[in-house]
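Chemist: okay, structure incoming, though there's no sequence with it:
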């Protein structure tokens, strides 16, 4: 049912409510397919121009500890007493209980050779959209006893769900693109 015409603004909120058809009365309205609008700079209302944006990404306290440990070949999460879970990557608060966590006092070491592939994909472009010389396999790695996962590149072997993997000690981690796993066993 529509709102009174004087209250309509031309959006979906002009519908006041839905009501079932009376029993046995066929509908006089037929459903029709509406082609979705292709989003372009014209339909999105974009205009040419340059907006200078500069930014520096920081991983934050927990992320800094997490990446620093990865560079040493360690996988570290943070333990939350409220929900009895180890969060990976390390975090300074628990999304379930909203408890504040301490990345040092609540740090828990996780066996870097105990990873299991939970998802994977093959990419043909780098993170800036430039073609790669060879496709790369990216994996989502879960670790037993943790909540969350780590993303990285798989070196060697064929990616498949459940594949056991270990973290390769990178020596330096410049971001997610330098996290590498290799099959084990």
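Modeler: It's in. Given the structure is predicted, the values throughout are model-derived calculations rather than measurements.
Chemist: so how far is residue 136 from residue 124?
Modeler: Residue 124 sits 8 Å away from residue 136, going by C-beta to C-beta, to the nearest Å. All C-beta atoms are positioned from the backbone trio N, CA, C, and that covers glycine.
Chemist: repeat for residue 95
Modeler: Taking C-beta to C-beta, one finds residue 95 at 30 Å from residue 136.
Chemist: look at these two and report which has more neighbours.
Modeler: Under the criterion of other C-beta atoms under 10 Å, the comparison of residue 95 against residue 136 puts residue 136 first, with 16 against 12.
Chemist: which elements pack onto the helix or strand the more buried one falls within?
Modeler: Residue 136 is located in strand 131-142, with elements delineated by DSSP states H and E. Contact partners of strand 131-142 among helices and strands, from 3 or more C-beta pairs under 8 Å, 6 or more residues apart in numbering; DSSP states H and E: strand 115-125, strand 150-154.
Chemist: deepest of those, which one?
Modeler: Greatest average neighbour count among those goes to strand 150-154 (a mean of 20), per mean count of other C-beta atoms under 10 Å.
Chemist: residues in contact with it?
Modeler: Applying C-beta atoms under 8 Å, 6 or more residues apart in numbering, the contact partners of strand 150-154 are 75, 88-89, 115, 117, 120, 136-141, 143, 165, 167, 176-177, 179-183.
Chemist: would you map the strands across the chain?
Modeler: 75-80, 85-88, 107-110, 115-125, 131-142, 146-148, 150-154, 164-168, 180-183 (DSSP state E).
Chemist: can you redo those as CSV with distance to residue 7 and mean pLDDT?
Modeler: Shown next, in CSV, are these (distance: least, C-beta to C-beta, whole Å; pLDDT from 0 to 100):
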stretch, distance to residue 7, mean pLDDT
strand 75-80, 48, 95
strand 85-88, 48, 94
strand 107-110, 57, 95
strand 115-125, 47, 94
strand 131-142, 48, 93
strand 146-148, 47, 94
strand 150-154, 49, 93
strand 164-168, 59, 96
strand 180-183, 58, 95
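Chemist: what about the chain, any weak spots by pLDDT?
Modeler: Residues of the chain meeting the criterion pLDDT under 70: 31, 34-48, 52-58, 175-176.
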